[in-house]
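Enquirer: task: produce atomic coordinates for the following.
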Amino acid sequence: MSFKLSLRALWDRRPRRLPAGIPLWAEIVGVLAFFSLPWIFRAIGLATSAYWLEVLNTVGLYAILALSLNVILGHCGMFHMGHAAFFAVGAYVTAVLNLNYGWAILATLPVAGLAAGLFAAAVAGPIIHLRGDYLLIVTIGIVEIIRIALTNDIFGLTGGPNGLMGIGRPSIFGWRLTRPWHFFYLIWTGVALTLILFHFLEHSRFGRALKFIKEDPVAAEGIGINTTRLKLLAFVIGAVWAGFAGTIFASRMRTISPDSFNFGESVILFTIVILGGSGSQRGVLLGSFLVMGLPEVFRKFQDSRLLVFGAALVVMMIFRPQGLIPPRPSKYSLPAPWDRYDGATPPAPGGGRGPGESPPWGKGGTLKGPVYRQSLAPTDTRGPLGADGAAKKGPSGLSPQTGGRDPQEES
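Expert: Below is the predicted model of the structure:
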């Protein structure tokens with residue numbers, strides 16, 4: 001399967017309007033206003049500006065983690081509640097390399113992501129065929145195994161239950177990041193890059209294949225998609241990004257321990273994705289603000305805030321199980337010559353209409369008749385794919401170029 005993406009294709013796929021019809025320039029203004037918050041807090045003399053920046057930093061860090069989990073849970077449909085394990089691997093790799101070997105924090109970033117990805121490939125390979133609750137239970141066990149191993153001071157590197165302390169701060173071109181507003185720009189720049197990269201990933205052939213696997217894995221496998229390989233690849237991509245987040249977490253907190261990566265962290269990430277909207281980037285961002293930011297707003301009511309939050313979550317699951325902002329249905333145009341097929345006469349080779357065929361376009365540029373239906377291939381508008389990425393015949397043995405008819409029967 002080819003994943004080549006030219007710069008021209010990326011530019012053509014750029015969003016021009018938000019789903020609600022808001023122009024792109026308005027979104028850019030909103031992003032710039034958000035990145036100006038540290039200066040706004042400073043200008044108005046907000047005494048607790050450092051505190052609220054720390055809250056926003058926590059929201060951003062969990063947004064990166066939830067977006068990485070969204071690739072596994074939202075796009076591929078695998079019930080995975082062990083994401084805190086990959087988060088822990090990234091954090092501890094950064095801490096060990098920095099404390100024991102003197103590595104710079106940002107130099108450990110790719111190593112932490114690679115270590116988390118390799119660990120994900122090792123543990124997910126034997127269990128990737130499991131589905132639903134069975135996979136969920138196994139991934140819970142992975143989190144506990146990691147926590148117990150870190151508590152037992154594996155290889156004498158993890159510091160036991162006390163963890164590791166004195167982790168260094170990241171430096172960019174000699175500028176050492178120490179203050180909350182420094183990490184604000186670091187973390188939310190990471191969120192922006194994650195949104196952009198995962199947006200293109202979602203709309204690539206790989207992303208469409210993941211959606212097909214989520215909706216019907218049996219049909220996806222029936223047309224030649226290697227579901228096992230793509231599921232494993234989705235697992236590894238999510239784990240690599242969780243490892244990156246672990247590096248930022250370790251350098252920001254400067255102290256990590258096994259309790260920082262317990263099962264409760266995985267539950268929080270799972271809740272963010274489900275609450276916001278599984279498979280929706282906008283939903284995951286909203287879920288991060290609601291789950292991690294809203295409790296801090298109502299800290300004065302700490303005796304009852306968890307009760308209210310739990311009740312709201314239950315009500316939402318009953319009346320809106322698809323999440324607050326569910327993903328929009330994907331729309332794909334048919335390639336020529338099928339984009340002008342009216343369901344009566346097969347299109348002529350080269351994209352022209354057959355003899356005697358009336359123009360299929362109605363008022364407003366819509367098709368008047370039924371359009372060509374691709375056999376079990378919502379993952380790619382160019383027809384079913386084989387293991388090597390080449391087009392192949394569907395389960396019925398019919399090729400898209402025959403107009404849904406068997407040439408041997410006509411002869």
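Enquirer: need the helix or strand of this structure with the lowest average pLDDT.
Expert: Across the helices and strands of the chain, mean pLDDT, DSSP states H and E gives its lowest value to helix 407-410, namely a mean of 46.
Enquirer: for the stretch 1-150 of the chain, give me the ranges with low pLDDT.
Expert: In the prediction, the stretch 1-150 of the chain carries residues with pLDDT under 70 at positions 1-24, 45-48.
Enquirer: show me where it has helices.
Expert: Assigned by DSSP state H, counting those that start in this stretch, the stretch 1-150 of the chain shows helices spanning 7-12, 24-35, 37-43, 49-70, 83-101, 105-124, 132-151.
Enquirer: looking at the ones you listed, which is nearest to Ile225?
Expert: helix 105-124 (17.9 Å; CB to CB). Yep, even glycine has a C-beta here, placed from its N, CA and C like the rest.
Enquirer: what's the closest one packed up against?
Expert: helix 83-101, strand 171-172, helix 227-253 (3 or more CB pairs under 8 Å, 6 or more residues apart in numbering; DSSP states H and E).
Enquirer: please save the CA atoms from it in PDB.
Expert: Provided in PDB are the C-alpha atoms of helix 105-124 (Å, rounded to 0.1, in the frame of the first residue of the first chain):
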ATOM      1  CA  ILE A 105      15.700  16.300  26.800                       C
ATOM      2  CA  LEU A 106      14.800  17.000  23.200                       C
ATOM      3  CA  ALA A 107      17.500  14.500  22.000                       C
ATOM      4  CA  THR A 108      15.600  11.800  23.900                       C
ATOM      5  CA  LEU A 109      12.300  12.700  22.200                       C
ATOM      6  CA  PRO A 110      12.700  10.400  19.100                       C
ATOM      7  CA  VAL A 111      14.300   7.600  21.200                       C
ATOM      8  CA  ALA A 112      11.300   7.700  23.600                       C
ATOM      9  CA  GLY A 113       8.800   7.500  20.800                       C
ATOM     10  CA  LEU A 114      10.700   4.700  19.100                       C
ATOM     11  CA  ALA A 115      10.900   2.800  22.400                       C
ATOM     12  CA  ALA A 116       7.200   3.200  23.000                       C
ATOM     13  CA  GLY A 117       6.500   2.100  19.400                       C
ATOM     14  CA  LEU A 118       8.700  -1.000  19.700                       C
ATOM     15  CA  PHE A 119       7.100  -1.900  23.000                       C
ATOM     16  CA  ALA A 120       3.600  -1.500  21.400                       C
ATOM     17  CA  ALA A 121       4.600  -3.800  18.500                       C
ATOM     18  CA  ALA A 122       5.900  -6.400  20.900                       C
ATOM     19  CA  VAL A 123       2.800  -6.500  23.100                       C
ATOM     20  CA  ALA A 124       0.200  -5.900  20.500                       C
END
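Enquirer: buried sites along that helix?
Expert: For helix 105-124, burial by neighbour count (16 or more other CB atoms under 10 Å) applies to 105-106, 108-109, 111-113, 115-117, 119-120, 123-124.
Enquirer: how about the helices and strands packed on helix 105-124, which one is nearest Gly287?
Expert: Among the helices and strands packed on helix 105-124, helix 83-101 sits nearest to Gly287 (CB to CB), with 14.2 Å.
Enquirer: same question for the closest one: list its buried residues.
Expert: 83-99.
Enquirer: hang on, isn't Phe119 packed against Ala239?
Expert: Yes. If you go by CB atoms under 8 Å, Phe119 and Ala239 touch, sitting 6.9 Å apart.
Enquirer: intersection of neighbour lists for those two?
Expert: Residues touching both Phe119 and Ala239 (CB atoms under 8 Å, 6 or more residues apart in numbering) are 86, 89.
Enquirer: re the thing from before, to Phe200, which of the helices of the stretch 1-150 of the chain lies closest?
Expert: Minimum separation from Phe200 across these (CB to CB) falls at helix 7-12, 6.7 Å.
Enquirer: follow-up on the earlier one: format the helices and strands packed on helix 105-124 as a markdown table; extra columns: distance to Ala66.
Expert: Output for those, formatted as a markdown table (distance: least, CB to CB, whole Å):
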| stretch | distance to Ala66 |
| --- | --- |
| helix 83-101 | 9 |
| strand 171-172 | 25 |
| helix 227-253 | 10 |
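Enquirer: these: which one's closest to Leu201?
Expert: That would be helix 227-253 among the helices and strands packed on helix 105-124, by CB to CB, at 7.6 Å.
Enquirer: and the closest one, which residues are buried?
Expert: Residues of helix 227-253 classed as buried under the neighbour-count rule (16+ other CB under 10 Å) are 227, 230-252.
Enquirer: quick check: closest non-adjacent residue to Ala124.
Expert: Nearest in space to Ala124, with sequence neighbours left out and distances taken as CB to CB, 6 or more residues apart in numbering, is Phe235 at 4.4 Å.
Enquirer: the strands in the stretch 151-300 of the chain, which residues?
Expert: Assigned by DSSP state E, counting those that start in this stretch, the stretch 151-300 of the chain shows strands spanning 164-165, 171-172, 175-176, 255-256.
Enquirer: could the ones you listed go into JSON lines alongside mean pLDDT, mean neighbour count and distance to Tyr51?
Expert: What follows is the strands of the stretch 151-300 of the chain, written out as JSON lines (pLDDT from 0 to 100; neighbours: other CB atoms under 10 Å; distance: least, CB to CB, whole Å):
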{"stretch": "strand 164-165", "mean pLDDT": "92", "mean neighbour count": "18", "distance to Tyr51": "23"}
{"stretch": "strand 171-172", "mean pLDDT": "89", "mean neighbour count": "13", "distance to Tyr51": "24"}
{"stretch": "strand 175-176", "mean pLDDT": "88", "mean neighbour count": "10", "distance to Tyr51": "22"}
{"stretch": "strand 255-256", "mean pLDDT": "92", "mean neighbour count": "18", "distance to Tyr51": "19"}
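Enquirer: all good on my end, thank you.
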